[in-house]
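Visitor: my questions concern the predicted model and sequence given below.
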Amino acid sequence: MIYPSIDDLLSRVDSRYSLVILAAKRARQLREMQGSMEEGLTLKEVSAALEEIAKGHVTFERTKDGIK
């Protein structure tokens, strides 16, 4: 079983495209933060990003130019 499920994730965003962009940007942020942190993450960056999106900790704002 994949957690979080795609249905849970899609309830937080408006499209699959938005989900991919949001997860990629957050995973990139986590990877950059990991270098400055003393303790490493127990999850891979993409998994951690998807869990944060499912829990509602990470949101997005649609702008005229793209996702912010």
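Guide: Arrived safely.

Visitor: burial check on residue 23, number of neighbours?
Guide: Residue 23 is flanked by 21 other residues according to other Cβ atoms under 10 Å. From N, CA and C alone the C-beta is placed, and that goes for glycine too.

Visitor: the closest residue to it other than its chain neighbours: what's it in contact with?
Guide: In space, and not counting its chain neighbours, residue 23 is closest to residue 49: 4.7 Å by Cβ to Cβ, 6 or more residues apart in numbering. Under the criterion of Cβ atoms under 8 Å, 6 or more residues apart in numbering, the contact list for residue 49 reads 22-24, 26-27, 30, 58.

Visitor: how far is the helix or strand that contains residue 49 from where the chain is centred?
Guide: Assigned by DSSP states H and E, residue 49 belongs to helix 45-55. Put simply, helix 45-55 sits 5 Å off its chain's centre (Cα atoms, centre = their mean, to the nearest Å).

Visitor: same question, stretch 43-55
Guide: Chain-centre distance of stretch 43-55: 5 Å, with Cα atoms, centre = their mean.

Visitor: in that stretch, what counts as buried?
Guide: Under the neighbour-count criterion of 16 or more other Cβ atoms under 10 Å, stretch 43-55 has 45, 47-50, 52-54 buried.

Visitor: give me the mean pLDDT for it.
Guide: Computed over stretch 43-55, the mean pLDDT rounds to 91.

Visitor: neighbouring contacts of stretch 50-57?
Guide: With Cβ under 8 Å, 6+ apart as the test, stretch 50-57 has contacts from 3-4, 8-9, 12-13, 19, 22-23, 26, 43, 58.
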